[in-house]
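**Student:** Dropping the sequence and predicted coords here.
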Amino acid sequence: MQYLFNSLGEVISAFKEPELQDQSLKPIVQLINSRLGRKESLGFFKKGKLKAEEEILRILTEQGRKVSKKQLEQLTEYLEKQRKNEDIKRRSFIQVFFTAIILMICVWQLDSQPGSDTQKAVFTVIGAIIGYWLR
């Protein structure tokens, strides 16, 4: 049960914007996000923290901006949280979407063929879905 509440808390917190300690970095965050684009941002931090910092420095150098080491760490941490939140939101949407589709198919099967042998299979699928969400 604790896992369920931890997961719900994670999803709820994903819809909040991460906190940026140094507000003067907000324009730099917007610059980096606009330069990376949607497609590149998905694999941006899978390379590791050092590669992410190098990528941020490359973008800032191209734009003629400089940041301190502390600011670079704050930027990297903030952008990592931002990407993690995007992944959590995307994963949650996909899970709810597929659960709804599968449940609609199950209800349709129960409605169209009441009392048949498929009823056991449908209830098994519904039980598996409930088990998945309560894990």
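**Tutor:** Cool, got the structure. Numbers count the residues shown, from 1 in each chain.
**Student:** so how many other residues sit close to residue 86?
**Tutor:** 14 (other C-beta atoms under 10 Å). Any C-beta I mention is one placed from the backbone N, CA and C, and that applies to glycine too.
**Student:** Sorry, wrong one. I was asking about residue 122.
**Tutor:** Around residue 122 there are 17 other residues, counting by other C-beta under 10 Å.
**Student:** Can you say which helix or strand has it in it?
**Tutor:** helix 118-134 (DSSP states H and E).
**Student:** what does that helix contact?
**Tutor:** Outside helix 118-134, the residues that touch it by C-beta atoms under 8 Å, 6 or more residues apart in numbering are 4, 99, 102, 103, 106, 109, 110, 113.
**Student:** And the residues you listed, which is the shakiest by pLDDT?
**Tutor:** Across the set of the contacts of helix 118-134, residue 4 stands lowest in pLDDT, at 53.
**Student:** Below-threshold pLDDT in this protein: ranges please.
**Tutor:** Applying pLDDT under 70 to the chain flags the ranges 1-6, 37-50.
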